[in-house]
Structure formats: C-alpha cells, structure tokens
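> Give me a model of this one.
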Amino acid sequence: MGVAQLSKRVRCELAYLSYPSREWVIPQYRDGTRVLDVLIVGGGQGGLATAFGLMLERITNFRIVDRNLRGLEGPWRRFGRMTELRTSKEVTGIDLGIPSLTCRAWYEAKFGRRAWESIDAIPPDIWQDYLDWYRDVLELPVENEVDVISIEPAGDLLLAHLRRVGRIEHVHARKIVLATGIDGSGKWRAPHALLANLPAERFAHSADDIDFSRLVGKRVGVLGAGPSALDNAAAALEAGAARVDLCLRRADIPRINPLVWANFSGMLGHFGALTDLERWRFMRHILEELPAPPPQDSFWRCRRFENFAWHTNCPWHSVRDLGGAAVVETEASTFTFDFIIFATGFETDLSARSELAPLVTQIALWRDRFTPPRGEESDQLARFPYLGTAFEFTEREPGTAPYLARLHNFTFGATLSLGVTGAAITGIKYGVSRLVNGLVRDLFREDAPAYYRDLLAYAEPELETLENPSAWIDRLAVEALSAPKLTGDLDQTVLAKACKHETASQDSSDEWHGRNGAKSASRTKRCSRRPSKRHPPAR
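Numbering: from 1, shown residues only. As a prediction, this is how the structure comes out:
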C-alpha cells in the first residue's frame, strides 16, 4: 500500500466514524462577522491534533495560525539537530486512535514494512514529513506566516490581533488555544552577564538558526550538558569545526532520564488529578533534581571526534571579546573560542510572551496558589502557570478576570499542572483528549439555555402517519396527481418502509394487520433521518 492508498483509507475510516454528524455550535457574531469558536495558535503537532479533535466533535468554525513558513512549524527542520527523535518509534497520539493515521502506518506506506522494522527511532525530518501528510490528508487549514501580536478580553469574548504580511487583522474568538511548543510559556534562556560583552556574530543560542558551515576550522565552545548541547556540539564537529569544548557546571554529565519512567498511562493521563503537593514533588524531582541527559547516540556522535572534549565542574565566570575571539574565564582555566553556542535551555516566564502582555498580571502562577514545605522550594516551578483541568489559565484574584477561562495553555508551561502532555510527543495522546473535551464542554454549557429553548421548539414528527401502508400510499398518489412536486418533498426513508410493507402484505392485507404483521413490524430496523445542520438561532 502506498501513501495515496493510505490517504484514501483514512478518509474512508473517518466516514465510518461520522456519527453524530450534526454541526451543533450556535453561531455568534460581532460587528457583523462570525466569531470563531476556537483560534489555535501554533501549527505544529499540538495545534494540528487539537484541530483534528475538534473536527471529530463536529466543531469546524476554527482557524489555525503559525508564524513560520509551511514545513517549519515546530523544531524538526529548524533547531531539532538530533539524528533521531528521543521518543519510541511506536509512540501514538495525534492519530487520536485511528490506526491509519499513525506514523507507523504512514512510514510503512511510504518506505515499506521492512524499513520500519529496521529503524530504532524516527529521524526529525521524517517526523515533519509525517506531520505534513497528516495536515494534508485531514485538510487542516493552517495559515502560515501569521503572528499573534496580542490577546485581550472583549466583553464575553477574546480579541486576538494577528499580523500577516502587509496587514493587521483583529479576530474575535470564544476560545483560544496556545499550542506554541516548548518555549510557549517563556523564552530561551541565555546568561545575560556572559553575553554583555560579546558581539552578535560571536554567539548563538542552541535554538537559533545557526549556519554551521561558518564554523569550519573554528574553535567552538558549548555551554550546557543536556540533549541540545550534545546535538549542537555534534553538528559543529560534523561541519568541520577545528575543536569543540563542552563545559558544564555539574560534576558529571546527567545519566538518568526520569521522563522515561513517566511513560505510563497513569502518569500521563491522570497526573492532573494529584494534589498540589504531589504534583510539586513529582515535577521538582523530574525537572530539577534529575535534569534530562543527552541520549547515548548524541554523546557518541561527539565522542567519535578526537577534537571533542567535555569539562565538568566548569561554570563560566566571565566572557569578553578580545582580538576577534571570545575569552572565557572559568575556575579551572581560560578558553578562547571563535564561536559560542549557549545550550542553556529555556525558562518559564509568561511576562516574556508579548501576546500575553495585556493579560499577564491577571494570570495565576503556582506561587500564587501553593506554598511548598520548607526545603522543597523552587523558583523555577513557582513561575509556572496554575492551570485548570482543560489547560485554561486561572485568575490570580478570583472573580477579577473570568475571561481567562477562554484561554488555554497547551505548551510546556502546562507540565506542573497537568503533566507531560502539552508540548511532548509522549503525552500528547492524553493532553489533546483532555483539551478537546474541555473545549467542547465549555461551548455546550455556555449555550445550554439556547439548546433548551431549541428543544422545546422541536416539533419534527418521527411518526409520520397512523394509516396502514396501503392507504397511505394510495392517498399520496392522489395528492401527487394534484401536486406533482409533492413527491420530491417526501421523506424517502418512510416511503421506502411503506413500500416494503405494502409489497410484503399485498396478497393478504388482513394478515398484515394481524399477528404476523405485528411481528414483521417489530423486526423492522428503525432508521434515523438524514442528519441536518440545524442550529438554534444565532446570537
């Protein structure tokens, strides 16, 4: 089976899962324009899966925007410099339970089953190819090169200001989902004191767009010991750097990855149900006490080069620019580098997100809701947003900013509140389900009075007639002669039933009305009507 055949199978399976098919959300309008039910910010794996989940729930009035060019959503073709994903190749999630939408199904269709069996993990560029296919086969309407400048309350809605080439657009939405990845609740971290005396051409962050061809024959310093540090060191070595020195302040390179332990359904699916103290202790151990180590393959990529060295217990005290090079002072020695890569990670800091500037002072953080026991404090964790059960922001002062319940943070910033579900492939299966269920729940509950009024006004008869089929058809025939267009308006399901009963009973209409006829009628399968897009009146 090729990819084209797989795509057909996906569409067929989605057709099998089309019940209930009614688009049910009540349209709202503001200034003569339809209000979005959901605006999704971010067209990577989290945003795409959220959009698909909404489609399965028959919510189609949404938009997906991403600031990057098509194919550059997420890190995979930009700064994801690993040779393989660190996630098991069998991981599922954005398929939302449909086997034909899994990465394995796509990979086998494109490269063959033997190719799948021969790999241990998926290369990042292949993962992005899969995401591109996923987007296309589901016809997800991602708008690229659209940036969200800011979000603010607008009565009982949210107002997003979008910037695209040549113009600014103002969009009202009932719900906004921030699916902006690992740095979506903060910023990439670099030590400002070390950068102050360096020209811009002398350094980069590991998440920057680095032209490694410029590093041929250069002395490169890398600060950090996590996965991105080793990946960037390897990229520099493979590009032809003269020497690469990796420096870390710890006594040893981290070895244990606690996130591997966390890969089970209880932790991934129900972490948010734990108490605040339990969640704090779990994540303090995972994020601070056991920082993520580099994968073995990433380390070996560097170790095969004789011009690679790593230095433990080597924090940097100062960096200065001297004679076209960076001079780094440490406790143990002095290094001279032509180029520095700061692989120093990211930090959670909502105030660094320009799109949240109008709202940030109203958003509750963990430090506003929870005080850890003495000795278990963490400034890093205290800055995480304190989220509700469906990733929604909560109010710092209860009752002062109810609109925050309309804004959902599906980023790494959700980790302390809801576990590894927002910006990680391993937990996205559970996170998307939680998020979409919350969006659907809120949209329905908000309009419950209108749905109740619509129920009271509902008067479409299920029982069309009390006549027997023969008499009913005879009457319709007479009416059709006087009104030829009438037959086109008849309920074809009911008409077919009547014809079936009439044929079965034409030899003995008396018998149809008796015992046998009653049994036959009881066995007749009840068919539902063709679904409609009937809504209560728009607001």
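> And residue 302, how far from residue 76?
To residue 76, residue 302 is 21 Å away according to Cβ to Cβ, to the nearest Å. Where C-beta positions appear, they are placed from N, C-alpha and C, glycine not excepted.
> Residue 92 now?
18 Å.
> The two: which has the busier surroundings?
Legend: neighbour count by other Cβ atoms under 10 Å for residue 92 and residue 76, higher for residue 76 (23 against 17).
> Looks like the more buried one contacts residue 127 (just checking).
Yes - with contact defined as Cβ atoms under 8 Å, residue 76 and residue 127 form a contacting pair (5.5 Å).
> Determine how far the longest helix along the chain lies from the middle of the whole chain.
Counting by DSSP state H, the longest helix found in the chain is helix 428-446. The chain centre lies 12 Å from the centre of helix 428-446; the measure is Cα atoms, centre = their mean, to the nearest Å.
> Can you give the domain ranges for this structure?
3-186+347-450, 190-255+295-344, 469-523 (automatic domain parsing).
> Out of those domains, flag the one nearest residue 462.
Smallest distance to residue 462 across the domains of the chain (Cβ to Cβ): 9.7 Å, for domain 469-523.
> what is the rounded mean pLDDT of that closest one?
Mean pLDDT, computed over domain 469-523, is 57.
> residues near residue 105, how many?
The burial count for residue 105: 20, using other Cβ under 10 Å.
> name the element it belongs to?
In this assignment (DSSP states H and E), residue 105 forms part of helix 103-111.
> Also residue 279?
Secondary structure (DSSP H and E) places residue 279 in helix 276-284.
> Any idea how many residues pack against the residue nearest to residue 153 when sequence neighbours are not counted?
Distance criterion Cβ to Cβ, 6 or more residues apart in numbering; nearest residue to residue 153, sequence neighbours excluded, is residue 403 at 4.0 Å. Counted with other Cβ under 10 Å, the neighbours of residue 403 add up to 19.
> What distance do you get for residue 403 to residue 358?
Taken as Cβ to Cβ, the span from residue 403 to residue 358 is 11 Å.
> shared neighbours of those two, anything?
Here residue 403 and residue 358 have residue 153 as joint contacts, going by Cβ atoms under 8 Å, 6 or more residues apart in numbering.
> Can you name the residues that contact residue 259?
So residue 259 contacts 286, 292, 420, 424, 426 (Cβ under 8 Å, 6+ apart).
> Look at the closest residue to residue 157 other than its chain neighbours and tell me its secondary structure.
Leaving aside its sequence neighbours, residue 157 sits nearest to residue 172 (Cβ to Cβ, 6+ apart; 4.8 Å). The three-state label for residue 172, taken from DSSP: H, G, I helix; E, B strand; the rest coil, comes out as strand.
> Redo the domains of the chain as TSV? Include distance to residue 261.
Output for the domains of the chain, formatted as TSV (distance: least, Cβ to Cβ, whole Å):
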stretch	distance to residue 261
domain 3-186+347-450	11
domain 190-255+295-344	13
domain 469-523	55
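> With respect to residue 272, which of those domains lies nearest?
Across the domains of the chain (criterion: Cβ to Cβ), the nearest stretch is domain 3-186+347-450, sitting at 4.2 Å.
> per-residue confidence averaged over that closest one?
Average pLDDT, domain 3-186+347-450: 96.
> Quote the end-to-end distance of it.
End-to-end span of domain 3-186+347-450 (Cα to Cα, to the nearest Å): 44 Å.
> how far is that domain from where the chain is centred?
The answer for domain 3-186+347-450 is 3 Å, by Cα atoms, centre = their mean.
> again with stretch 322-330
Counting by Cα atoms, centre = their mean, stretch 322-330 comes out at 42 Å from the chain centroid.
> Give me the contact list for that stretch.
With contact meaning Cβ under 8 Å, 6+ apart, stretch 322-330 is reached by 198, 202-203, 219, 221, 247, 311, 314-321, 334-340.
> Filter these down to the buried ones, PyMOL style.
To isolate the buried members of the contacts of stretch 322-330 in PyMOL, using 16 or more other Cβ atoms under 10 Å:
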select buried, resi 202+203+219+221+247+314+316+319+335+337+338+339+340
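> Filter the contacts of stretch 322-330 down to just the ones in strands.
Of those, the ones assigned to strands by DSSP state E are 203, 219, 221, 247, 311, 316-321, 334-337, 339-340.
> Distance check, residue 347 against residue 363.
Applying Cβ to Cβ, the value for residue 347 to residue 363 is 16 Å.
> With neighbour numbers in mind, choose between the two.
residue 363 (21 against 16).
> Report the secondary structure state of residue 92.
With three-state DSSP as the criterion, residue 92 reads coil.
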